[in-house]
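K.L.:
Starting from these lines, generate the structure:
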Amino acid sequence: MIGNWLSETKRVKSKYKKFNIYDLTEDENKRDENLEKYLAEQMFIHLGYPNKMKRIYGNQDSSILKEHIYKKYLPPEGANLKQSTWAEIVAADILEKIKSHILPIYKLRFRDKNNMAMRGEADIVSCKIEGEKPTLIFTEVKSRRTYKKKVGVEAYEGVVKNNKENPDIVNFVSNCLERENNYEFMELFDNALLDPKSYNKDFEIFIVIEKDVYKPDILDALHEEDINLPNLNLNLLLIDSMKDLFENTYKQVGTVAEDFVYDK
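P.N.:
A predicted model of the protein is given here:
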């Protein structure tokens, strides 16, 4: 579904030599209720455990389930966290479905509260298992509906924190895998903690921004920085009427939860 809504193009002839640029372009013909429902399904999956919801609320009235969804599960109304959470989930889905990354955990499941930003030095950690060494990819996501020239610089300042021998987020993911008894990727992260040379590092930045406010000098400002990251990719997603899309997505999460919990 996300591949129908967005197409990815790498800029081949780019004046920016310090990072690769991938443009993610909307097909506005796919901006419909099916897309909103799909994104709502991703929110339902990323923010919690659907099977746990079914166990707890399967024999309860749907009003009790919806109260939980909108008061304790999703970010509260009026919070900037709504936009940033939505953008992180969209970016994670792009990494998984378009760029063929593996998501070892859904990181947002481990937030302390629904009204607090997620801890950790990377918004998303993904991996690729190919070649002689696995690759861990550290991603920072920034979303804007108003213009800010330094938004790319801020994203870089966030993701570069992981360019060290033992990124803190690796231990965080390892602990999450332990809690979930996820043995499929546990060895990879155990080895990463034991030997930082056992894996390669790549870095991704996502700028998810309202199309009408975007200006190319956002990229100019980033290119002026002293960038020392190997394999840095910048993903630029310009969205028309972004608030409408993420608000409509949130409105659908309750219905998506009902469909799953009550087998509709």
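
K.L.:
Need the contact partners of the longest helix seen in the chain.
P.N.:
In the chain, assigned by DSSP state H, the helix with the most residues is helix 242-261. By C-beta atoms under 8 Å, 6 or more residues apart in numbering, the surrounding residues in contact with helix 242-261 are 31, 33, 36-37, 39-41, 43-44, 50, 53-54, 57-58, 62, 65-66, 69-70, 73-74, 82-83, 86-87, 143, 145, 208-210, 239, 264. All C-beta spots, glycine's among them, are computed from the backbone N, C-alpha and C.

K.L.:
Now, these that are in strands?
P.N.:
In strands, defined here by DSSP state E, the members of those are 143, 208-210, 239.

K.L.:
Now flag whichever of those is closest to residue 92.
P.N.:
Looking at the ones in strands among the contacts of helix 242-261 and their distance to residue 92, the nearest is residue 208, at 11.7 Å (C-beta to C-beta).

K.L.:
how near is the closest one to residue 165?
P.N.:
Distance, residue 208 to residue 165, by C-beta to C-beta, to the nearest Å: 30 Å.

K.L.:
And for residue 248, the neighbour number?
P.N.:
Under the neighbour criterion other C-beta atoms under 10 Å, residue 248 is assigned a count of 17.

K.L.:
Residue 208 and residue 165 - which one has more neighbours?
P.N.:
Regarding residue 208 and residue 165, a neighbour count based on other C-beta under 10 Å identifies residue 208 as having more, with 26 against 6.

K.L.:
where's residue 236, which helix or strand?
P.N.:
Counting by DSSP states H and E, the secondary-structure element that holds residue 236 is strand 232-239.

K.L.:
nope, residue 171 is what I was after
P.N.:
Taking DSSP H and E as the definition, residue 171 sits inside helix 168-179.

K.L.:
okay, that helix in CSV with CA atoms only?
P.N.:
What follows is helix 168-179, C-alpha atoms only, in CSV (Å, rounded to 0.1, in the frame of the first residue of the first chain):
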residue,chain,number,x,y,z
ASP,A,168,23.4,3.4,23.3
ILE,A,169,20.4,2.5,21.2
VAL,A,170,22.0,-0.9,20.3
ASN,A,171,21.8,-1.9,24.0
PHE,A,172,18.2,-0.5,24.2
VAL,A,173,17.1,-2.6,21.2
SER,A,174,18.9,-5.6,22.7
ASN,A,175,16.9,-5.2,26.0
CYS,A,176,13.7,-4.9,24.0
LEU,A,177,14.4,-8.1,22.2
GLU,A,178,15.0,-9.8,25.5
ARG,A,179,11.7,-8.6,26.9
